[in-house]
Every structure is written in C-alpha cells, then in structure tokens.
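Student: Sequence and predicted structure are below.
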Amino acid sequence: MFYHLFFILFIINIYTSAEIYTGSVKNAQELLLCRKCGADVADSFYIFSKISPGAQKRETKNLFGRQNVTVQTLVNPFGVQFDLITAEKARCKNMGQSQGADSWFPGYTWRICTCPHCGQHLGWTFESTTDKSDNSDIEHTHKFHGLILSNILGENFTDSLMMMPKVYKM
C-alpha cells in the first residue's frame, strides 16, 4: 500500500514539474532566486545588457531561459571578482547611502542590494546621476540592478534538484 501511494505521488510530481518547466521555457521567463534562502528576487524577463567599460571579461551565455545574456566579470577596489548580470527590475533591499566612487558604470551611483527575506548580498542597485527628464539618450536607463551570478539561481534549476530514492531509480 505504501509503495502504491509513493508511486502515485511520484508520478504526480513528475507531471506537475514537467508542466511548470515547459511553461517557463515557452515564455522565456524564469524567476531568479536568492541562493541562500530561495526567495524570488527577479524575473528573467527584466534581464538586459548594460555594458560596463571596467569589465575585465565579457561573455554571453544562455541563462534563466534567455539566450545571449551578458555576463561581465568586474573587480572591486579590494581585488574581489564578481560575475554580474544586469536587470531592469529586482526585489532588493538597498543598504546604505548612494556612493559615486568606484562605480563600474560611469554616470551611476551604487548601493548594496540585499535579499529582502534573508539579507544575503545579491549585488548592487545603480541609479543615474543625470537628470531624469533628459531624454537625449534613449538607451540610458535611470535605475538598474547588477546581480552577482553566484548569489542567485534559477527556479528551473531548483526543480531539477528533486532526489529519488535509489530503490526507485530506473
């Protein structure tokens, strides 16, 4: 009886996971989660390419249901490297005052961006120092987030972490 119940629950879980997975890929959107607590912090729909002139390395990868996501390797003044993606919107709790010094993006100040649930450092929020009403640069984004790739993960990756007892492996 126990084995029958487990088998039915297992099949239901596979069916619902597959349904969620195909839906996310079809829409090319995936939630980005805090790697520490699993809280959703962004939607891959809002990932965009904001190039930093200070990037040591720049490459494109297929991440979070999106193709050609720009990943930049940036180094802070202490020599610590970060692989960063940029997003127009993220659910961040911004810490401290805006800083203009050592910004990776000229014309932007930065603040530390943390997970609103657990406080994990997710990256930085960058805010333009130019006048908001100036529309001369159409591609100029007033505010965006730089998310540290190693501190986030995609919801579809977490779905793949379900383990099955060795007895039931096929």
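Tutor: Arrived safely.

Student: Output whichever strand or helix holds L147 as CSV, nothing but the C-alphas.
Tutor: Assessed by DSSP states H and E, L147 sits inside strand 143-148. Extracted in CSV, the C-alpha atoms of strand 143-148 (Å, rounded to 0.1, in the frame of the first residue of the first chain):
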residue,chain,number,x,y,z
LYS,A,143,17.9,52.7,-12.5
PHE,A,144,19.0,49.0,-12.8
HIS,A,145,20.4,46.2,-10.7
GLY,A,146,23.7,44.3,-11.1
LEU,A,147,23.1,40.8,-9.7
ILE,A,148,26.0,38.6,-8.7
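
Student: What strands line up against the helix or strand that that strand is followed by, and which way round?
Tutor: Using DSSP H and E, the next helix or strand after strand 143-148 towards the C-terminus is strand 152-154. Take DSSP bridges as the rule and strand 152-154 pairs in its sheet with strand 31-34 (antiparallel).

Student: follow-up on the earlier one: neighbouring contacts of the strand holding L147?
Tutor: For strand 143-148, contacts defined as Cβ atoms under 8 Å, 6 or more residues apart in numbering pick out 32, 41-42, 48, 50, 74, 82-90, 92, 104-105, 110, 113, 121-128. From N, CA and C alone the C-beta is placed, and that goes for glycine too.

Student: SS state for N156?
Tutor: Here N156 is recorded as helix under DSSP: H, G, I helix; E, B strand; the rest coil.

Student: Return the distance of it relative to R66.
Tutor: Noted for N156: a distance of 12 Å to R66, by Cβ to Cβ, to the nearest Å.

Student: Quickly list what's touching both of the two.
Tutor: E30.

Student: ranges for the helices of the protein?
Tutor: 2-26, 155-159 (DSSP state H).

Student: Lowest mean pLDDT across those helices, which one is that?
Tutor: Per-stretch mean pLDDT for the helices of the chain is lowest at helix 2-26 (a mean of 43).

Student: so Q56 sits right up against D83, yeah?
Tutor: No. Q56 is beyond contact range of D83, at 10.3 Å (criterion: Cβ atoms under 8 Å).

Student: more neighbours, those two?
Tutor: Counting neighbours by other Cβ atoms under 10 Å for Q56 and for D83 shows that D83 has the greater number, 16 against 10.
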